[in-house]
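J.: Need coordinates for the following:
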Amino acid sequence: MKPIVADVGLVAHCGLYCGACPAYRRGRCPGCHENHKAGWCKVRKCCGENGYSSCAECRTIADPRDCKKFNNLIAKLFGLIFRSDRRACIVQIRQKGLAAHADIMTARQAQTIRR
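T.: As a prediction, this is how the structure comes out:
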């Protein structure tokens with residue numbers, strides 16, 4: 001299994017940290033930015049179309065909770081099941097930057113900020 005290391009390229013468009021994801025660490029997923037099979041992800045598509053590394057760069061919608069692409073039914077279910085707060089990840093990226101977010105998530109060895 002790959003070790004958890006800080007890498008801004010492993011911060012998913014939605015703010016999750018792929019570097020701590022079990023699927024990524026076992027080599028079953030290349031991470032959000034490299035996963036070309038994830039065409040179903042509206043957040044990934046939106047960020048790609050707008051040239052954003054993550055939703056933290058979006059200035060059209062101040063709060064991710066107001067974005068229908070970010071805050072859709074699948075995301076709500078994912079957040080409930082895994083107690084994940086992707087919005088907190090986006091807020092942290094906006095406040096501290098991508099590199100600091102990757103460092104913090106690596107230190108916590110966590111894919112997400114828990115609710």
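J.: Please name every helix or strand in contact with the worst-scoring helix or strand of the chain on mean pLDDT.
T.: Across the helices and strands of the chain, mean pLDDT, DSSP states H and E gives its lowest value to helix 73-82, namely a mean of 86. Counting contacts by 3 or more CB pairs under 8 Å, 6 or more residues apart in numbering; DSSP states H and E, helix 73-82 packs against no other helix or strand. From N, CA and C alone the C-beta is placed, and that goes for glycine too.
J.: How far does that helix sit from its chain's centre?
T.: Distance of helix 73-82 from the chain centroid (CA atoms, centre = their mean, to the nearest Å) equals 13 Å.
J.: As CSV, could you dump the C-alpha coordinates of that helix?
T.: Provided in CSV are the C-alpha atoms of helix 73-82 (Å, rounded to 0.1, in the frame of the first residue of the first chain):
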residue,chain,number,x,y,z
LEU,A,73,-28.0,13.8,-3.7
ILE,A,74,-25.0,11.5,-4.1
ALA,A,75,-22.8,13.9,-2.3
LYS,A,76,-25.3,14.2,0.6
LEU,A,77,-25.5,10.4,0.9
PHE,A,78,-21.7,10.1,0.8
GLY,A,79,-21.4,12.7,3.5
LEU,A,80,-24.0,11.0,5.7
ILE,A,81,-22.6,7.5,5.3
PHE,A,82,-18.9,8.5,5.8
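J.: who's in contact with that helix?
T.: 14, 43, 84-86, 112, 115 (CB atoms under 8 Å, 6 or more residues apart in numbering).
J.: Likewise for stretch 45-58?
T.: Stretch 45-58 is contacted from outside by 8, 11-15, 39, 43, 64, 67, 69-70, 90, 93-94, 98, using CB under 8 Å, 6+ apart.
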